[in-house]
Each structure stands twice: as structure tokens, then as C-alpha cells.
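Undergrad: Attaching a predicted model along with its sequence, questions to come.
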Amino acid sequence: MKPLLKLSATIDLASEALGKVAGYLVLICCLVSAGNAMVRYALNYSSNGWLEIQWYMFAFIVLIGASYTLRMNEHVRVDIIYGAISPRSRIWVDIIGIVLFLLPGCFYLAWLSWPMFSLSWHQSEMSSNAGGLIRWPVKLIIFAGFALLVLQGFSELIKRIGALKGVYALDTKYEKPLQ
């Protein structure tokens, strides 16, 4: 179990680092967005390339940031059930959710997105907009986002199994949403 927990810690560090990158990209994306708006209204000039850069950054923030969100235990849950059960039951709910839904779903989406990226890469696919960008980077982000969610899902599964075995101290506190 110790080697698996070490692997889990490594995956967690990678997710945290990428989550921080995604966090900084939010600021950069806001600056690019504001710059686009100012240039469009002040100089009556618009650039599809800069708009697409924004979209690529949004994709990175959401898709790459998803593994960080899972790492921080901040994904959406059915709070009616989750908030009313014991910490050990929460661990079981998480394990079942990871094994039955998260891992198969994200693995399948990563598997589906790889051919889209590969085709885009080999064809040097470009945006259909004048002045647009190449398309393969955003398609790679789609694949990478789901692949990272699979890795983080394995990490969370390892930690929860470790918690059930008593070899890992999992933080099981749960804050009910304000309603």
C-alpha cells in the first residue's frame, strides 16, 4: 500500500501544480479578454486569433483544473445523501462513484478524444475563422484533461482504500452547502 500511496502523493502534487497554473491563467484570461474588448471598441479592431487564445485558456482552466478540483474534494455531489451519512460511508460512496462513474467515464472520454487530437495534428487543422489558430492544442487539452482526471481518480481511490485499511489519514470533514 505504501508504494501506491507514494504514487498517489506524486499525482496529487502534479494536480496541485497544474491547478495553480490554471489559477494564474484565470488572471491572464481576464487581461486578454479586457484587452480584446478595449481594442475592439477603442480602435475598432478585432482579432479572431486573440479570441481563440481566450477559448484555449478557458478550456485549459476548466479541463486541466478539473483534476485539481477533484484533488481538493470540491466536485459536485448529491448533498442530500452525502451530508447525512458517516465519514466511513462517505468513503464508500466515493469509492463506488470513482469506480463506477468517474474512472470509466473519463477513460472513455480520453479514449474518444485522442483520435480527434491525432487527426487534427496530422492534418494541421486550422480554425475556419480568418486569422484563427491551429486546432490541435485545444484538442490535446481535451484529452489531457480527461487523462489527468483518470490519474487523479486513481489517486483518490488509493487514498480512500488506504483510509479504510487504516494506513492513510483521509480528511473526511464535509461542509454542507449554504441553502
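TA: Nice, I can see it.

Undergrad: Let me know how buried residue 94 is, in neighbour terms.
TA: Using other Cβ atoms under 10 Å, the number of residues around residue 94 comes to 22. The C-beta positions use only the backbone N, C-alpha and C, and glycine is treated the same way.

Undergrad: residues contacting the nearest residue to it once chain neighbours are set aside?
TA: Spatial nearest neighbour of residue 94, excluding adjacent residues (Cβ to Cβ, 6 or more residues apart in numbering): residue 160 at 5.4 Å. Contact analysis of residue 160 by Cβ atoms under 8 Å, 6 or more residues apart in numbering lists 91, 94-95, 98, 170.

Undergrad: 10 Å - rerun?
TA: For residue 160, the contact set (Cβ atoms under 10 Å, 6 or more residues apart in numbering) comprises 90-95, 98, 168, 170, 172.

Undergrad: So of those residues, which two are at opposite extremes in space?
TA: 93 and 168 (17.2 Å; Cβ to Cβ).

Undergrad: Which member of the contacts of residue 160 is positioned nearest residue 50?
TA: Nearest member of the contacts of residue 160 to residue 50, counting by Cβ to Cβ, is residue 98, at 38.9 Å.

Undergrad: measure the residue nearest to residue 94 to residue 116 for me?
TA: 32 Å (Cβ to Cβ, to the nearest Å).

Undergrad: same thing with residue 80?
TA: Taken as Cβ to Cβ, the span from residue 80 to residue 116 is 37 Å.

Undergrad: Can you list which of the contacts of residue 160 are found in strands?
TA: Using DSSP state E, no member of those sits in strands.
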